[in-house]
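Peer 1: Structure for the following, please:
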Amino acid sequence: MKITNLIVVGFQVVCGMAACSDDPVAVGDPEPSVVVVKVPNGSFEDNAAETVSPEGWTVSGERSAAKVVEGGCEGNYALHYESASAYTVTTTQTVDGLEDGIYDLEFYYKSSGGQTACYVAAGTDMDNRKMTSLQASPTTWIRSYVRGIKVEGRKCDIELHSQSAGMNWSRFDALRLKKTDKAYDLLKGGDISQLTYVEQMGGKFYEDGEEKDCIEILKNNGFNIVRLRLYNDPGNPDYTPSNRLPEGISGPEDILRLAKRAKEAGMQILLTFHYSDYWTNGETQAKPHDWESLDRLALKQALYDFTFGFMNKMKAQGTIPEFVALGNETQSGMLYPDGSYENFAQLSELYNAGYDAVKAVSQDSKVIIHLNAAGDKDLYNWYFGELKNRNTKYDVIGASYYPYWTQKNAAQMREWADYISAKFDKDILIMETGYSWNKTLPDGTPGQLSDNGPYKDFSPLGQKNYMLELIKEIKQAKDCRILGFLYWDPIFIEVEGMGWELGAKNYVSNTTLFDFSGNRMEVLDAFKYNN
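Peer 2: Purely as a prediction, here's the structure:
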């Protein structure tokens, strides 16, 4: 179709709070001044009547499952998918006459949820198209976006797709293209640092009943980044807390092997230096045993040397990480007591030493400082304000976001991210997120996440719906400044005799992306059908 007289500058959303048949979910304000192209019959108003053949669109698959019905968001009508039995249906349109460049596709939807795949996709090359899946929202219209659509040859194919069991439904309305010229590639992945341990202990992973390599399953279901956490000398029996881990797990050689596997699968890498022989967080930041007696200057040099040395090992095998985090959840500092938050000057020196070491090997690797409690404005204002006052060098703000610990929903997290990214002019990456799909571990006791905060559904579908909602909110972020997310812990499945540390049990097997038997769970559809 040829577009004529449909380009507008300084566009304001037509389907606002008063224009819709019911109020859409509150989201961030759209771009104040962008070029907007209305999709022909994008509000399904042409002919102003219920029909199974929306004008300007082509329906394929189970055609009887698609129908234009009354009850739209913008105007009186919308496209509705539903059938009494299982169905797959697709409605497509090619919009031509466009100026080449990068666009977002804005649309509104309602959905019962529960579909295997229900998404809006767009692009000139459908093999490299962008897509956004629908979260469950049966009563309220939600505004959403397909981000970063590359238009070439003056045309864009748009697809509305659903693969669903019977009685699950979805509804679409108010589609419009916005020329932003802003590239966007959603980062979606998780931490696989303990995969070697799982495999050594006999853990196996399955997809559709077939045993497969874990990384292969993750790649096939949309993972494009993995997080790898590095300990200095894990599993050394002569030192505590090193002796609380199996020998070598998440140590330098193990991380090099995992990085190579991930890179061969085409994934990006986020490398976290824990600067410890064991797990660190806001409460525990034990120095590596080799660094315990070092003074301040020697400690800074040791951090630089270790960072520089391992980055060079990554470079030598062709696995330079795209992102590097200096410490893990360092809201109270790192390398206690020297790098405690009580002495921000020394903490800043340590960060700058790590930053310089990373950049000496790879200028393109983005350096992250990672705290917990996404949603806590006071914490981030204070901490990154202190770092700014000391000219601390970093590229990205990393944040852990768990509904359980933060007691915040995804929209509240996104509102916080809009504020923090604007204040400090930094992109944000969700370094950790997780959701309990079962109330208990296999032994009937609570896991690490004893509830899901504002989300009350302990089920595999609840986990999937949460991830769909989180991804939708990430794409709502102003100026696309939330880069994506990493799930915690996606692969640490239930395996006899394997625990979080030696002699302990596995406290996260009810939050993984695989069930207690290692089978791929439906939550991975949220990864697969979003980019």
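
Peer 1: tell me the strands in the stretch 301-450 of the chain, going along the chain?
Peer 2: Assigned by DSSP state E, counting those that start in this stretch, the stretch 301-450 of the chain shows strands spanning 323-326, 333-334, 339-340, 366-371, 396-400, 427-433.

Peer 1: looking at those strands, which is closest to Thr180?
Peer 2: strand 427-433 (16.1 Å; CB to CB). For glycine as for every other residue, the C-beta is placed from the backbone atoms N, C-alpha and C.

Peer 1: before we move on, back to that, just put the strands of the stretch 301-450 of the chain in CSV and tack on mean pLDDT, mean neighbour count and distance to Asp290.
Peer 2: Converted to CSV, those look like this (pLDDT from 0 to 100; neighbours: other CB atoms under 10 Å; distance: least, CB to CB, whole Å):
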stretch, mean pLDDT, mean neighbour count, distance to Asp290
strand 323-326, 98, 27, 18
strand 333-334, 98, 26, 16
strand 339-340, 96, 21, 16
strand 366-371, 98, 22, 23
strand 396-400, 98, 26, 26
strand 427-433, 98, 24, 26
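
Peer 1: Including distance to Asn221, could the ones you listed go into CSV?
Peer 2: Shown next, in CSV, are those (distance: least, CB to CB, whole Å):
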stretch, distance to Asn221
strand 323-326, 21
strand 333-334, 34
strand 339-340, 38
strand 366-371, 25
strand 396-400, 23
strand 427-433, 17
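
Peer 1: Tell me which of these sits nearest to Ile474.
Peer 2: strand 427-433 (7.4 Å).

Peer 1: Give me the helices and strands touching the closest one, please.
Peer 2: Applying 3 or more CB pairs under 8 Å, 6 or more residues apart in numbering; DSSP states H and E, one finds that strand 427-433 contacts strand 366-371, strand 396-400, helix 410-424, helix 460-476, strand 482-487.

Peer 1: tell me what the last one is packed against?
Peer 2: Think strand 482-487. Using 3+ CB pairs under 8 Å, 6+ apart, strand 482-487 sits against strand 187-191, strand 225-230, helix 410-424, strand 427-433, helix 460-476.

Peer 1: Can you add distance to Asn236 and give those back as JSON lines?
Peer 2: Shown next, in JSON lines, are the helices and strands packed on strand 482-487 (distance: least, CB to CB, whole Å):
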{"stretch": "strand 187-191", "distance to Asn236": "22"}
{"stretch": "strand 225-230", "distance to Asn236": "15"}
{"stretch": "helix 410-424", "distance to Asn236": "38"}
{"stretch": "strand 427-433", "distance to Asn236": "26"}
{"stretch": "helix 460-476", "distance to Asn236": "37"}
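
Peer 1: looking at those, which is closest to Thr440?
Peer 2: Comparing the helices and strands packed on strand 482-487 under CB to CB, the one sitting nearest is helix 460-476, at 14.4 Å.

Peer 1: do you know which of the strands of the stretch 301-450 of the chain lies nearest Tyr77?
Peer 2: Short answer: strand 427-433, nearest of these by CB to CB, at 37.1 Å.

Peer 1: Spit out the contact partners of Gln407.
Peer 2: Gln407 is in contact with 453-454, counting by CB atoms under 8 Å, 6 or more residues apart in numbering.

Peer 1: how far away is it from Asp451?
Peer 2: Noted for Gln407: a distance of 10 Å to Asp451, by CB to CB, to the nearest Å.

Peer 1: same deal with Gly97?
Peer 2: Gly97 is 52 Å from Asp451, by CB to CB.

Peer 1: follow-up on the earlier one: of all the helices and strands packed on strand 427-433, which one is nearest Glu494?
Peer 2: That would be helix 460-476 among the helices and strands packed on strand 427-433, by CB to CB, at 14.9 Å.

Peer 1: Please identify the buried residues of that closest one?
Peer 2: For helix 460-476, the neighbour count (16 or more other CB atoms under 10 Å) marks 462-476 as buried.

Peer 1: Stretch 153-166 now?
Peer 2: 156-164.

Peer 1: quick one on the thing from earlier: I'd like the helices and strands packed on strand 427-433 written out as CSV, with distance to Gly248 added.
Peer 2: Formatted as CSV, the helices and strands packed on strand 427-433 follow (distance: least, CB to CB, whole Å):
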stretch, distance to Gly248
strand 366-371, 24
strand 396-400, 26
helix 410-424, 36
helix 460-476, 32
strand 482-487, 23
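
Peer 1: for those, which one sits closest to Leu270?
Peer 2: Of the helices and strands packed on strand 427-433, nearest to Leu270 by CB to CB is strand 482-487, at 6.7 Å.

Peer 1: what mean pLDDT would you report for that closest one?
Peer 2: For strand 482-487, mean pLDDT is 98.

Peer 1: moving C-terminal of that strand, what's the next helix or strand?
Peer 2: helix 524-528 (DSSP states H and E).

Peer 1: How about Lys315: what's its closest non-neighbour residue?
Peer 2: Leaving aside its sequence neighbours, Lys315 sits nearest to Val361 (CB to CB, 6 or more residues apart in numbering; 5.7 Å).

Peer 1: Just give the closest residue to Glu55, not the sequence neighbours.
Peer 2: Excluding the flanking residues, the one nearest Glu55 by CB to CB, 6+ apart is Asp46, at 4.1 Å.

Peer 1: Lovely, talk soon.
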